[in-house]
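Colleague: below is the sequence, then the predicted model.
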Amino acid sequence: MTEAIENQIERFAPGFRDTVLERYTKNAVAMEQWNPSYLGGDISNGQATLRQMLARPVPRWNTYKTPMTGVYLASAATPPGPAVHGACGDNAAQVALREVFGVRTVPPLRPALR
């Protein structure tokens with residue numbers, strides 16, 4: 001697979017292959033052996049099924065809260081799930097702002113446009 005990817009990059013960026021100094025790959029079995037949390041080599045916290053999204057770390061409607069007061073989850077294990085970078089943390093922060101500080105409306109985080 002690595003060679004196929006490099007060939008595709010080389011196709012659009014001639015000379016790319018000349019810049020590669022070293023290559024290291026792992027298959028799914030090696031990924032799971034390296035980190036047992038990567039079941040089947042999946043680096044995205046397992047299957048993003050509805051059941052999994054609602055039951056991490058325990059079953060509850062607000063998946064950002066934990067059973068520990070003041071502890072919130074902000075990872076790809078929470079909705080909207082893996083590969084939606086930043087959204088999990090933003091959602092968890094909004095829950096914490098509301099529950100810990102009583103902030104109901106998130107203030108604008110960028111300067112006003114003039």
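Modeller: Perfect, I can see it now. Residues are numbered from 1 along each chain as shown.

Colleague: in the protein, which residue is most central in space?
Modeller: Residue closest to the mean C-alpha point of the chain, counted by C-alpha atoms, centre = their mean, is Ala76 at 3.3 Å.

Colleague: any idea how far Arg11 lies from Val20?
Modeller: 15 Å (C-beta to C-beta, to the nearest Å). Quick note: C-beta positions are derived from backbone N, CA and C, even for glycine.

Colleague: roughly how far out does the longest helix anywhere in the chain sit from the chain middle?
Modeller: Of all the segments of type helix in the chain, defined by DSSP state H, the longest one is helix 87-101. Distance of helix 87-101 from the chain centroid (C-alpha atoms, centre = their mean, to the nearest Å) equals 17 Å.

Colleague: before we move on, what about stretch 105-114?
Modeller: Distance, centroid of stretch 105-114 to centroid of chain: 26 Å (C-alpha atoms, centre = their mean).

Colleague: give me the number of residues near Lys65?
Modeller: For Lys65, the count of nearby residues is 20 (other C-beta atoms under 10 Å).

Colleague: pretty sure it contacts Arg98?
Modeller: No: in this structure Lys65 lies outside contact range of Arg98 using C-beta atoms under 8 Å: 10.9 Å.
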